[in-house]
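*Asks:* Fold the stuff below for me.
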Amino acid sequence: MTEAIAWERPWLKDYSHGCAWDTRFEPMPVHYFLERTASERPNAVYLDFLGRSYTYGEVMDLVRCATKGFQKLGVKKGVKVGLFLPNCPQYVIAYYAILKAGGTVVNFSPLYTADELAAQVEDSETDIMVCLDVASLYTTICEVMERTRLKCLVVGSLARALPPVKSVLYRLFRRREQAEVTIDETHLSFEALMNNDGRPAPVQIDPVKDLAVLQYTGGTTGLPKGAMLTHANLSINAQQVAAVDPEAYDDAVPKRILGALPFFHVFANTVVLNMTTLVGGMIVMLPKFELGQAIKAVRQHKLTVMPGVPTMYTAMLNHESFQANDLASLRLCISGGAPLPVELKERFGNASEAVLAEGYGLTESSGVVSVNPFRGVNKTGSIGLPLPGTDIVIVDKDDPTKVLPVGEAGELTLSGPQMMQGYWRRDNSDVFVNGLLRTGDIAYMDKDGYTFIIDRMKDMVVVGGFKVYPRTLEELLYQHPAVLEATVIGIPDDYLGQRPKAFVVLRPGQEKGEDMIKALQEHVKNTIAPYKYPRMIEFRDSLPRTETGKLQRSKLRDA
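*Replies:* Purely as a prediction, here's the structure:
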């Protein structure tokens with residue numbers, strides 16, 4: 001943290017997180033979490049995947065074999081290995097193995113189209129990709145491989161990760177979902193990768209300097225950017241999150257966590273995967289969030305912690321078979337990824353005795369910046385108090401070198417050991433000011449040190465915790481011959497938080513109506529992930545502009 005400028009820390013008056021704000025954390029290689037816990041409790045259940053359990057010792061043995069396998073493929077410091085996977089055992093094994101081999105993990109969303117994947121593969125310089133033999137994933141990544149720098153695919157078997165009975169049923173009745181994988185020089189099975197003595201060559205990791213994860217996000221322009229996260233960034237953020245939970249290291253308190261958030265997202269990567277591995281908990285993994293499965297998992301495994309986005313909590317409360325005792329085992333629920341509506345927080349409080357704590361973070365901060373105290377004042381509408389060692393500083397949005405007094409709204413900026421090193425292959429001159437990471441969010445801090453976000457400088461739309469960038473949609477709409485002008489904003493949605501809505505001016509002679517709306521939606525849907533396309537399109541004769549002629553989204557948002 002730089003001391004080039006001074007700021008107040010009002011949270012120090014009553015830091016309710018249960019640890020000292022100036023607690024020091026040891027930077028370490030991320031895979032040390034698994035190695036340490038596996039050595040201390042090898043027989044403890046680590047992962048549960050749709051009924052099949054894996055112990056810490058078992059996973060550690062698999063990671064050692066995978067590490068040696070990756071090293072045979074040439075993985076070392078500087079080599080990027082992509083994970084194009086849903087939540088599954090192969091993700092956990094490959095993630096820690098790549099890091100242990102000295103490589104850098106690049107996370108890719110399984111929801112991405114071939115075009116989106118190809119662009120990020122080239123930008124990140126990814127040479128090896130890990131995927132599953134699921135037809136939808138394998139077909140997409142094979143298309144990407146034909147036109148990018150990818151040299152090798154490591155293909156895991158979903159059936160092999162399932163319990164024996166489910167594995168047989170999957171092979172018999174869901175054959176259409178399985179891809180026909182040809183094993184050759186460029187296609188290697190996950191089992192073949194691990195077919196060795198499990199004795200990888202040791203690699204010396206400098207946690208402060210060595211890049212662990214290249215995590216793609218988006219900026220104000222909507223173009224994807226890779227946040228460079230070191231081992232220290234990620235390992236310290238996991239320790240910070242554990243430190244604010246008074247029961248994280250208490251062996252008498254069960255630590256069973258729902259792994260329904262996607263591990264390829266930085267929130268789940270830190271809060272579910274790394275943090276739970278650090279404290280020796282159990283992760284009940286779901287390939288994706290399905291409401292019935294999630295409720296069953298909480299009930300069956302008596303889960304104690306549930307990180308989620310507001311959409312997940314809304315879905316649970318609205319489920320027709322939902323009963324209050326479904327959540328009886330939960331002691332803590334953490335909400336992030338999108339603002340938590342006041343009404344939802346109140347409804348959840350009436351239905352469960354679990355603490356629902358809203359937090360805040362971003363890819364550039366390794367996942368978590370702040371959270372409401374798990375014991376103490378939990379302020380509705382606030383993102384809580386900063387994690388230990390983290391500064392939240394409100395600055396003038398027009399002059400970020402000027403720190404604003406408590407209570408005044410400005411741009412939220414950040415400092416702490418979990419902040420990224422910068423964007424991969426991008427100009428970072430405006431990303432940090434006086435050592436503070438600029439977020440683009442408008443917020444204020446109250447006299448107790450709680451922060452409230454009131455607006456976004458960025459134009460992103462947050463759909464169920466996933467970011468959608470208006471410029472991407474606008475550029476696609478402009479490619480349609482009927483479109484003269486287009487702009488996209490986020491509108492409130494009770495279930496997903498926000499949805500993108502497009503405002504379109506058609507070229508002269510074009511007919512407005514449902515047929516045109518469907519045509520534009522189909523045009524956009526073909527090239528982006530399903531959650532991104534605008535389900536609402538409104539035709540206008542003209543769009544609001546600024547004095548300089550730029551299209552003005554704020555006028556549409558305020559209408």
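
*Asks:* Could you tell me which ranges of the stretch 351-500 of the chain sit under the pLDDT cut-off?
*Replies:* Across the stretch 351-500 of the chain, residues meeting the criterion (pLDDT under 70) sit at 457-458.

*Asks:* what about the helices in it?
*Replies:* Residue ranges of the helices in the stretch 351-500 of the chain, as given by DSSP state H, counting those that start in this stretch, are 470-478.

*Asks:* Ok, the stretch 151-300 of the chain next?
*Replies:* Under the criterion DSSP H, counting those that start in this stretch, the stretch 151-300 of the chain contains helices at 158-161, 164-173, 190-193, 231-243, 266-268, 275-279, 291-301.

*Asks:* so which of these gets nearest F33?
*Replies:* helix 275-279 (4.4 Å; CB to CB). Heads up, the C-betas are built off the backbone N, CA and C, glycines and all.

*Asks:* Please state the mean pLDDT value computed over that closest one.
*Replies:* Across helix 275-279, the average pLDDT comes to 98.

*Asks:* In a markdown table: the helices of the stretch 151-300 of the chain, plus mean neighbour count.
*Replies:* Listed next are the helices of the stretch 151-300 of the chain as a markdown table, based on neighbours: other CB atoms under 10 Å:
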| stretch | mean neighbour count |
| --- | --- |
| helix 158-161 | 20 |
| helix 164-173 | 13 |
| helix 190-193 | 19 |
| helix 231-243 | 26 |
| helix 266-268 | 25 |
| helix 275-279 | 24 |
| helix 291-301 | 16 |
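
*Asks:* least reliable of those going by mean pLDDT?
*Replies:* The weakest mean pLDDT among those belongs to helix 164-173, with a mean of 64.

*Asks:* coming back round to it: quick one: which of the helices of the stretch 151-300 of the chain is nearest S39?
*Replies:* Of these, the one closest to S39 (CB to CB) turns out to be helix 275-279, at 12.7 Å.

*Asks:* any idea how the chain splits into domains?
*Replies:* Domain assignment for the chain by automatic domain parsing gives 55-204, 461-558.

*Asks:* hang on, the earlier thing: format the helices of the stretch 151-300 of the chain as a markdown table; extra columns: distance to L47.
*Replies:* Listed next are the helices of the stretch 151-300 of the chain as a markdown table, based on distance: least, CB to CB, whole Å:
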| stretch | distance to L47 |
| --- | --- |
| helix 158-161 | 10 |
| helix 164-173 | 15 |
| helix 190-193 | 15 |
| helix 231-243 | 17 |
| helix 266-268 | 14 |
| helix 275-279 | 10 |
| helix 291-301 | 12 |
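
*Asks:* For R456, which of these is the nearest?
*Replies:* Proximity to R456 (CB to CB) singles out helix 266-268 among the helices of the stretch 151-300 of the chain, at 17.5 Å.

*Asks:* on that earlier part again, could you look over the domains of the chain and pick the most buried one?
*Replies:* A comparison of the domains of the chain by mean neighbour count, using mean count of other CB atoms under 10 Å, puts domain 55-204 on top with a mean of 19.

*Asks:* Tell me how far that domain lies from the chain's centre.
*Replies:* Relative to its chain's centre, domain 55-204 lies at 19 Å (CA atoms, centre = their mean, to the nearest Å).

*Asks:* end to end, how far does that domain reach?
*Replies:* End-to-end distance for domain 55-204, by CA to CA, to the nearest Å: 26 Å.

*Asks:* still on that earlier bit, which one of the helices of the stretch 151-300 of the chain lies closest to D558?
*Replies:* helix 266-268 (29.8 Å).

*Asks:* Run through who's touching that closest one.
*Replies:* Residues from elsewhere that reach helix 266-268 (CB atoms under 8 Å, 6 or more residues apart in numbering): 215, 227, 229, 259, 261-262, 307, 336-337, 361-363, 366-368, 465.

*Asks:* So which of those residues is surrounded by the most neighbours?
*Replies:* Highest neighbour count within the contacts of helix 266-268: S366, with 33 neighbours (other CB atoms under 10 Å).

*Asks:* and the nearest residue to D391 once chain neighbours are set aside, how many neighbours?
*Replies:* With sequence-adjacent residues excluded and distances taken as CB to CB, 6 or more residues apart in numbering, D391 is closest to S415, at 4.3 Å. When neighbours are defined as other CB under 10 Å, S415 has 20 of them.

*Asks:* Am I right that F466 is in contact with P500?
*Replies:* No. The criterion here is CB atoms under 8 Å, and F466 misses it with P500 at 11.1 Å.

*Asks:* Just grab the bridge partners of M285 for me.
*Replies:* F49, G259 (DSSP bridges).

*Asks:* any idea how far it lies from L273?
*Replies:* Here M285 is placed at a distance of 10 Å from L273 (CB to CB, to the nearest Å).

*Asks:* which residues touch L385?
*Replies:* Here L385 is in contact with 11, 15-17, 370-373, 449-450 (CB under 8 Å, 6+ apart).

*Asks:* which one of the domains of the chain has the lowest average pLDDT?
*Replies:* Across the domains of the chain, domain 461-558 has the smallest mean pLDDT, namely a mean of 86.

*Asks:* mind checking the end-to-end distance for that one?
*Replies:* This stretch, domain 461-558, spans 15 Å end to end (CA to CA).

*Asks:* phi, psi of E35?
*Replies:* phi -60, psi -40 (degrees, to the nearest 10).

*Asks:* can you pull out the strands in the stretch 201-350 of the chain?
*Replies:* According to DSSP state E, counting those that start in this stretch, the stretch 201-350 of the chain carries its strands in the segments 211-218, 224-230, 256-259, 282-285, 305-308, 332-335.

*Asks:* how about the ones you listed in CSV, adding distance to G389 and mean pLDDT?
*Replies:* What follows is the strands of the stretch 201-350 of the chain, written out as CSV (distance: least, CB to CB, whole Å; pLDDT from 0 to 100):
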stretch, distance to G389, mean pLDDT
strand 211-218, 19, 90
strand 224-230, 15, 94
strand 256-259, 23, 97
strand 282-285, 26, 98
strand 305-308, 21, 95
strand 332-335, 19, 95
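
*Asks:* deepest of these, which one?
*Replies:* Scoring those by mean neighbour count under mean count of other CB under 10 Å gives strand 305-308 as the most buried, with a mean of 26.

*Asks:* right, and the pair among the contacts of helix 266-268 with maximum separation?
*Replies:* Going by CB to CB, the pair spanning the contacts of helix 266-268 furthest: A227 and G259, at 22.3 Å.

*Asks:* wait, isn't A227 in contact with L211?
*Replies:* No. With contacts counted by CB under 8 Å, A227 stays clear of L211, the gap being 10.4 Å.

*Asks:* I am finished for the moment; much appreciated.
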